[in-house]
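# coordinates only, sequence not included:
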């Protein structure tokens, strides 16, 4: 039986939404500005408006529910977001209750961490489809992570498992925004990587990156690093290889802990492709126990932003499979 669900990817700048079929995949997508600086009431209204726009494309097929991928810590019952980064004025917000009131809906509304829903989307629609279990890493403003075990999100004891970005590779290293010294995010999160690149370029005045930034390295981004690397710029290639090596180090620790040997890498910085993934692939075995090296694989997620919407919608499909006669959490 075909089911339709709406998947919402709540970002600090944009809210992206998709109408998803469990049979046909992504049918329609919309996006809207988050307006996070105006506080939670405005953001909730923007989500509700986006859902209403997507509802217009169901072609009279009943909507099964709404899944939401959100930054921050998610309560165990998948209703509440706690202290999401880049959302001023948010402390603890029950998204389910707030949206049910605004939309006058009794359908299931399920909230999950944004990296977790990206992993779930990859598992059923993207690069993770061939794997029963894998580690998902999202490289963007921060470094997110998810553990997919037997096609389901492994949430840990309290719902917060998978924070690979805050695993340390050097207890005396730079401090990430989380306060963890030497966390991988403090090396390859977008702002940290750009800062490192600027320092590395001080004595490389002939780098193409000076032209791409018009001599103002404060404008440097990972996307420009990738562009320069693709055009053969050696400093850019070296910087991305440095980031890939760091990524391989932390992934080795994750494999040793979980004995999950397939890794899917997504997020904006993953657009560097082989420039960052090949060094990670070379480094990974060096940090994995000999007995756990068989079957190691790192693949790139190619669905981009769509993977979050698809995964959020799939939360609904999984929920209805597990609790076919129960109401929303």
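Here it is on my side, so go on. Please read all numbers here as calculations on a predicted model, not as lab measurements.
# so how far is the lowest-mean-pLDDT helix or strand in the chain from its chain's centroid?
Within the chain, no helix or strand scores below strand 73-74, which has a mean of 90 by mean pLDDT, DSSP states H and E. A distance of 14 Å separates the centroid of the chain from that of strand 73-74, by CA atoms, centre = their mean, to the nearest Å.
# pairing partners for it, with directions?
strand 80-82 (antiparallel) (DSSP bridges).
# so residue 174 makes contact with residue 187?
Yes - in this structure, residue 174 is within contact of residue 187 by CB atoms under 8 Å, at 7.1 Å. In this view, the C-beta of every residue, glycine as well, is placed from N, C-alpha and C.
# neighbour count: these two, which is higher?
Neighbour count, other CB atoms under 10 Å: between residue 174 and residue 187, residue 187 has more, with 23 against 14.
# next structured bit after the host helix or strand of the more buried one?
Assigned by DSSP states H and E, residue 187 belongs to helix 185-188. Remark: after helix 185-188, the chain's next helix or strand is helix 190-200, criterion DSSP H and E.
# name the helices or strands packed onto the helix holding residue 187?
Packed against helix 185-188 by the contact rule (3 or more CB pairs under 8 Å, 6 or more residues apart in numbering; DSSP states H and E) you find helix 190-200, helix 234-258.
# lowest-confidence stretch among these?
For the helices and strands packed on helix 185-188, mean pLDDT drops lowest on helix 190-200, to a mean of 94.
# and that one, how far from the chain's centre?
21 Å.
# between helix 234-258 and that helix, find me the angle.
Here the directions of helix 190-200 and helix 234-258 differ by 140 degrees (axes from the mean of the first three to the mean of the last three CA atoms, to 10 degrees).
# now the closest residue to residue 83 other than its chain neighbours: how far from residue 95?
Leaving aside its chain neighbours, residue 83 sits nearest to residue 72 (5.5 Å; criterion: CB to CB, 6 or more residues apart in numbering). Per CB to CB, to the nearest Å, residue 72 is found 11 Å from residue 95.
# now residue 236
40 Å.
# the two: who's more crowded?
residue 236 (28 against 25).
# contacting residues for the more buried one?
197, 207, 208, 209, 225, 226, 228, 229, 275 (CB atoms under 8 Å, 6 or more residues apart in numbering).
# which SS state does the closest residue to it other than its chain neighbours fall under?
Nearest residue to residue 236, sequence neighbours excluded (CB to CB, 6+ apart): residue 228, at 3.7 Å. Put simply, residue 228 is helix when judged by DSSP: H, G, I helix; E, B strand; the rest coil.
# great, nothing more from me.
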